[in-house]
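Q: Need coordinates for the following:
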Amino acid sequence: MTKRNRVLYWIATIWLALGMLSGGIVQLLQLKEEREMMTHLGYPLYFLTILGIWKILGVIAILIPKFPLLKEWTYAGFFFAMTGASFSHIAMSDTILDILPSILLIILTIASWYFRPANRKITP
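A: Numbers count the residues shown, from 1 in each chain. Coordinates of the predicted model:
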C-alpha cells in the first residue's frame, strides 16, 4: 500500500467513524430533531435505537484491527443505511441540505472501503 493510499484511507475512515459515531449517539439520545426527522420520513421512532446501536458497533468494527469479513459487512451496512437515508429524503422532496449528510457518508464509506489496507481485506 502506498503512503498516499494509507493517508486517504485514514482520512476517509476517521471522518466516516466520526460521522457515524456522532449520528449513532444522537439517534440513541433521541433528540427532538431526530424524532421529528424520523416522523417526517415516516419511520417508527424505535428505528432510532436500532440505527444508533448499529452505527456505534459499526464504528468499532471498522476501527479495530483484523476481522476482515466483519468489516465487509459493516461497510455494506453503512452503504445500505446511508443510501436508504438519501432516498428517504429524496422521496419526501427534502432539500439538498437534508440529503447532503447521507451522501457525504456514502462517499466516505466507499473511499474508506476502496483504500483499506490489505490486512483489512478478505483474502481469497
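
Q: Check which helices and strands the helix ranked longest in the chain sits against.
A: Secondary structure assigned by DSSP state H gives helix 3-29 as the longest helix of the chain. With contacts taken as 3 or more Cβ pairs under 8 Å, 6 or more residues apart in numbering; DSSP states H and E, helix 3-29 sits against helix 46-63, helix 96-115. Backbone N, C-alpha and C define where each C-beta goes, glycine included.

Q: any idea how far Ser102 is from Ser88?
A: Per Cβ to Cβ, to the nearest Å, Ser88 is found 9 Å from Ser102.

Q: swap in Ala12?
A: Taking Cβ to Cβ, one finds Ala12 at 16 Å from Ser102.

Q: now Lys3
A: 31 Å.

Q: ok, now Val59?
A: 16 Å.

Q: sorry, back to before: residues making contact with the helix or strand that the longest helix of the chain is followed by?
A: Note on helix 3-29: by DSSP states H and E, the next helix or strand toward the C-terminus is helix 32-41. Outside helix 32-41, the residues within contact range by Cβ atoms under 8 Å, 6 or more residues apart in numbering are Val26, Gln27, Pro44, Leu45, Phe47, Leu48, Ser88, His89, Met92.
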